[in-house]
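**Q** Got a predicted structure here, sequence first:
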Amino acid sequence: MPIGEFGRPPALPSETSPALTTPMYWMYEMAYASLNPARAMTDATRMLFQNPLNPFSQTEFGKSVTAGCELFERTTRRYGKPEWGLHDTDVNGVRTPIEIRSVWEKPFCRLLYFDRKHPRPLRAPQPRVLIVAPMSGHYATLLRGTVEAFLPTHEVYITDWSDARQVPLAAGRFDLEDYIDYVIEMFHVLGGNVHVLAVCQPAVPVLAAVSVMEADNDPYVPLSMTLMGGPIDTRRNPTAVNNLAAEKGIDWFRNNVITKVPFPHPGVMRDVYPGFLQLSGFISMNRDRHMEAHKKLFQNLVKGDGDLVDKHREFYDEYLAVMDLTAEYYLQTVDTVFVKHALPKGEMIHRGKPVDPSKVVNVALMTVEGENDDISGLGQTEATHMLCSSIPDDRRVHYVQKGVGHYGVFNGSRFKSEIVPRVSDFMLSAASARHRAAAAE
């Protein structure tokens, strides 16, 4: 039985209650535009009190005015897509420049390749890894630290998902089935001999894509699949995020968080789950912490503590940069993953065919979880091993990183020192095992 209306995602607000949701985005745009005069005045005031010729510029009063102006500017700014900022890496002790280029592109995604320009040939090829970034509100640059950690020892590719408000309506729809198709097509473009690493949300579509490929005896299945902090079975140790979806149900999301992209964005009139709503949800989960962080920013600006100010700017420039998701993709994901639990129940369908993880035989499996993960609870990703019952025990690994939350599963010092070496070793062993099996045949 089709689950989540895969042939046609749940009805959009335009078919149910447009009066409730359509004006939402337009009102947000008008509110943002109405702040432009105040932002211009604030910017002029800041320049006035930063001018060294102004006798107040070095006083506590002047510094407080300047700090207040920056705080206002940062809290009313629309944050654009961040830059990767990865220009070189260390490969075998040699500083190697990086060129980031697109090797495949469709309306809703680009496949980026971090091409390391080696000054001399490597003694042996390094593993290729496709990092599938989350399509859950933030840009792929959120995984900058993930990419940076793998660059010295791997050929790295990453999915660069598009902001739905920037995709014209003429480009068509994009739902969970399209997501799975995109992943399969990327494997074909890369031509095999690649490892895949899915961080958080894409764990489900990546597992589905690999399952579909294995069922079809596709020769381009990856050598290994590493799933990190993914919601494979959200019935296990459910978090507040999981409980919200189960409590509200798909109709609530359909009627309350979907709206249309306003003019003048290229995607005008596309039904989306807007980034500003997602951001309000992110912030509300830790509101006190964010308020305290901005209070400290003001204090550090007045004190002139440049290091702490730069750290704040760096974090929030990334954290506050959000993108819109297509309504059909968002609703279908909520319905399939968090409400109906279709994948672990064996009821998920892709293009009319069942998604059966027990068909996965040739792809080695590693799952990684964080001990303190409050987004994907402990056990949700580990459930993959029960579903992929045909993978031999010597080609599967589960690892729980102590002392980290959701973000620490794919970024930070413990990720670099404890998780990356384990994942890298797993990929190497998976490739060796596949090559030995191929030689034996």
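**A** Yep, it's here. Numbering: from 1, shown residues only.
**Q** What ranges does the stretch 1-150 of the chain have for its strands?
**A** Ranges of strands in the stretch 1-150 of the chain, per DSSP state E, counting those that start in this stretch, are 88-91, 94-106, 109-116, 128-132.
**Q** which residues touch the nearest residue in space to residue 272 that is not next to it in sequence?
**A** Leaving aside its sequence neighbours, residue 272 sits nearest to residue 324 (Cβ to Cβ, 6 or more residues apart in numbering; 4.1 Å). From N, CA and C alone the C-beta is placed, and that goes for glycine too. Residues near residue 324 by Cβ atoms under 8 Å, 6 or more residues apart in numbering: 163, 164, 165, 261, 267, 272, 273, 274, 275.
**Q** Mind checking which of the residues you listed are in strands?
**A** 272, 273 (DSSP state E).
**Q** Local confidence estimate at the residue in the chain sticking out farthest from the centre?
**A** Most distant residue from the mean C-alpha position of the chain: residue 55, 47.1 Å away (Cα atoms, centre = their mean). Residue 55 carries a pLDDT score of 88 in this model.
**Q** same check, this time on residue 35
**A** At residue 35, the model reports a pLDDT of 89.
**Q** Mean neighbour count, the strands of the stretch 1-150 of the chain: which tops it?
**A** Greatest average neighbour count among those goes to strand 128-132 (a mean of 24), per mean count of other Cβ atoms under 10 Å.
**Q** list the helices and strands that strand packs on?
**A** helix 144-150, strand 155-161, helix 176-190, strand 195-199 (3 or more Cβ pairs under 8 Å, 6 or more residues apart in numbering; DSSP states H and E).
**Q** out of those, nearest to residue 353?
**A** For the helices and strands packed on strand 128-132, proximity to residue 353 was assessed by Cβ to Cβ; helix 176-190 is nearest, at 10.9 Å.
**Q** got CSV for the strands of the stretch 1-150 of the chain, with distance to residue 401 and mean pLDDT too?
**A** As requested, these are exported to CSV (distance: least, Cβ to Cβ, whole Å; pLDDT from 0 to 100):
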stretch, distance to residue 401, mean pLDDT
strand 88-91, 23, 94
strand 94-106, 27, 96
strand 109-116, 24, 97
strand 128-132, 18, 97
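**Q** Residue 379 and residue 136, how far apart?
**A** 20 Å (Cβ to Cβ, to the nearest Å).
**Q** neighbour count winner among these two?
**A** Shown here are residue 379 and residue 136; by other Cβ atoms under 10 Å, residue 136 has more neighbours (19 against 15).
**Q** thinking again about what came up before, of all the helices and strands packed on strand 128-132, which one comes closest to residue 373?
**A** strand 195-199 (12.2 Å).
**Q** residues of that closest one that come out buried?
**A** For strand 195-199, burial by neighbour count (16 or more other Cβ atoms under 10 Å) applies to 195, 196, 197, 198, 199.
**Q** Then stretch 172-186?
**A** Buried, per 16+ other Cβ under 10 Å, within stretch 172-186: 173-186.
**Q** re earlier: could you dump the contacts of residue 324 to a markdown table with neighbour count, pLDDT and distance to residue 141?
**A** Below are the contacts of residue 324 laid out as a markdown table (neighbours: other Cβ atoms under 10 Å; pLDDT from 0 to 100; distance: Cβ to Cβ, whole Å):
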| residue | neighbour count | pLDDT | distance to residue 141 |
| --- | --- | --- | --- |
| 163 | 21 | 95 | 12 |
| 164 | 27 | 95 | 17 |
| 165 | 21 | 94 | 17 |
| 261 | 25 | 91 | 22 |
| 267 | 22 | 93 | 20 |
| 272 | 27 | 93 | 20 |
| 273 | 23 | 92 | 20 |
| 274 | 25 | 91 | 19 |
| 275 | 22 | 89 | 14 |
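**Q** Below-threshold pLDDT in the chain: ranges please.
**A** Scanning the chain for pLDDT under 70 picks out 1-22, 433-441.
**Q** Please name the residues that touch residue 209.
**A** Taking Cβ under 8 Å, 6+ apart, we find residue 209 in contact with 180, 183, 184, 187.
**Q** Export the residues you listed to a markdown table and append columns for distance to residue 51.
**A** Formatted as a markdown table, the contacts of residue 209 follow (distance: Cβ to Cβ, whole Å):
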| residue | distance to residue 51 |
| --- | --- |
| 180 | 56 |
| 183 | 53 |
| 184 | 58 |
| 187 | 57 |
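**Q** with those residues in mind, which one is nearest to residue 124?
**A** The closest of those, once distances to residue 124 are taken by Cβ to Cβ, is residue 187, at 23.1 Å.
**Q** list the contacts for that closest one?
**A** Counting by Cβ under 8 Å, 6+ apart, residue 187 touches 130, 194, 196, 209, 213, 218, 220, 221, 222.
**Q** For these, work out which two are farthest apart.
**A** Longest span within these, Cβ to Cβ: 130 and 218, 15.0 Å.
**Q** From residue 360, how far out is residue 392?
**A** Using Cβ to Cβ, residue 392 is found at 11 Å from residue 360.
**Q** In space, what's closest to the residue nearest the centre of the chain - neighbours in sequence excluded?
**A** Central residue of the chain (Cα atoms, centre = their mean): residue 134, 2.5 Å from the mean position. Excluding its sequence neighbours, the residue lying closest to residue 134 (Cβ to Cβ, 6+ apart) is residue 201, at 4.3 Å.
**Q** same check, this time on residue 240
**A** Per Cβ to Cβ, 6+ apart, closest to residue 240 is residue 374, 7.1 Å.
**Q** re earlier: nearest to residue 90, out of the helices and strands packed on strand 128-132?
**A** Going by Cβ to Cβ, the one of the helices and strands packed on strand 128-132 nearest residue 90 is helix 144-150, 10.4 Å.
**Q** Mind listing what's buried along that closest one?
**A** Neighbour counts using 16+ other Cβ under 10 Å place 144, 145, 146, 147, 148, 149, 150 of helix 144-150 among the buried residues.
**Q** Mind putting the residues you listed into JSON lines with distance to residue 421?
**A** JSON lines is the format used below for those (distance: Cβ to Cβ, whole Å):
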{"residue": "144", "distance to residue 421": "19"}
{"residue": "145", "distance to residue 421": "15"}
{"residue": "146", "distance to residue 421": "14"}
{"residue": "147", "distance to residue 421": "16"}
{"residue": "148", "distance to residue 421": "15"}
{"residue": "149", "distance to residue 421": "10"}
{"residue": "150", "distance to residue 421": "11"}
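**Q** Kind regards, and thank you for your time.
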